[in-house]
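# Requesting a structural model of the entry that follows:
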Amino acid sequence: MKVSVDFDMTPDEARRLMGLPDLAPLQAKMLEQLEKQMMQNLSFIDPETLAKALLPMGGQGLEQMQTLMWDIAAQAMGGDAKKSRKQGG
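Predicted coordinates:
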């Protein structure tokens with residue numbers, strides 16, 4: 001014998017029926033505190049700080065990456081990397 005029972009209730013009603021606590025006030029307080037902290041930390045973020053964090057070596061790192069790519073491309077084509085960079089391509 002198989003018996004099935006359907007309950008037509010909202011999630012809030014089901015939570016109360018099972019005796020679970022209402023966490024909505026706690027969640028609202030936590031979100032409010034998180035928003036305050038985020039707004040305070042936004043004042044510390046400026047473009048220069050972000051650039052330093054994202055590119056630790058700055059322009060030098062980009063130049064090294066470009067040199068590496070030129071060398072790899074030149075070796076793949078069977079040429080001299082330094083000569084091809086001096087000629088501009």
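# Count the neighbours of residue 48 for me.
Residue 48 has 8 neighbours, counted by other Cβ atoms under 10 Å. The way it works is simple: take the backbone N, C-alpha and C, and place the C-beta from them, glycine included.
# How confident was the prediction at it?
On pLDDT, residue 48 comes in at 73.
# Show me how the protein divides into domains.
Domains of the chain are assigned by automatic domain parsing as 12-42, 57-87.
# which regions of this protein lie under the pLDDT threshold?
43-44, 50-59, 79-89 (pLDDT under 70).
# returning to what we had before: and the domains of the chain, which is most packed in?
Ranked by mean neighbour count, the domains of the chain are led by domain 57-87 with a mean of 11 (mean count of other Cβ atoms under 10 Å).
# quick one: which helix or strand includes residue 65?
Following DSSP states H and E, one finds residue 65 within helix 59-77.
# all helices for this protein, in order.
For the chain, the helices defined by DSSP state H cover 11-18, 24-42, 47-54, 59-77, 81-87.
# Dump the ones you listed into CSV; add distance to residue 5 as well.
CSV is the format used below for the helices of the chain (distance: least, Cβ to Cβ, whole Å):
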stretch, distance to residue 5
helix 11-18, 13
helix 24-42, 28
helix 47-54, 56
helix 59-77, 64
helix 81-87, 75
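# so which of those helices gets nearest residue 1?
Checking those against residue 1 by Cβ to Cβ gives helix 11-18 as the closest, at 25.4 Å.
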